[in-house]
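**Q** No sequence on hand, only this structure:
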Ligand code: SF4
């Protein structure tokens, strides 16, 4: 039987996406219990400031083989984070998240994914550049 389609919990701000969380000033994500649709107006407004992926978390259909993070049988992002997660000492109660029933990361790593998920900001390119210097 074919696996049901999953939702990517770290998608870009684009048509068809949903807002699933808001990045706080502390850099963690507050999840919405009910995802909000991303409208054209939202996209236009969100792109005026800092990258929307720095300020929100979005979900969209998991593209599987169409995504460069796909390893062939799963999402490489959550695989990599789970490998590092033993070094993450912050314990977080599982967020009330509106996409858990079809979330790719939850499907792969269960509640352990949800425990680290609020620490993940989709666009941290600038911070990575700083860390790597
Ligand atoms: S990993 Fe858990 S908290 Fe994160 S988006 Fe998926 S279901 Fe929600």
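**A** Nice, thanks for sending it over. Quick caveat: nothing in here was measured; it's all calculated off a predicted structure.
**Q** helix or strand for residue 77, which one?
**A** Using DSSP states H and E, residue 77 maps to helix 76-84.
**Q** Quick check: next helix or strand after that helix?
**A** That would be, after helix 76-84 and using DSSP H and E, helix 104-109.
**Q** The ligand contacts on this protein?
**A** The chain comes close to the ligand at residues 9, 31, 95, 97, 99, 100, 103, 105, 106, 113, 114, 117, as judged by Cβ under 6 Å from any ligand atom. The C-beta positions use only the backbone N, C-alpha and C, and glycine is treated the same way.
**Q** ok, back up a step: for the helix holding residue 77, the distance to its chain's centre please.
**A** 12 Å (Cα atoms, centre = their mean, to the nearest Å).
**Q** likewise stretch 17-32?
**A** With Cα atoms, centre = their mean, you get 9 Å for stretch 17-32.
**Q** got the contact list for that stretch?
**A** 9, 11, 35-38, 42, 54-60, 92, 95-99, 117-121 (Cβ atoms under 8 Å, 6 or more residues apart in numbering).
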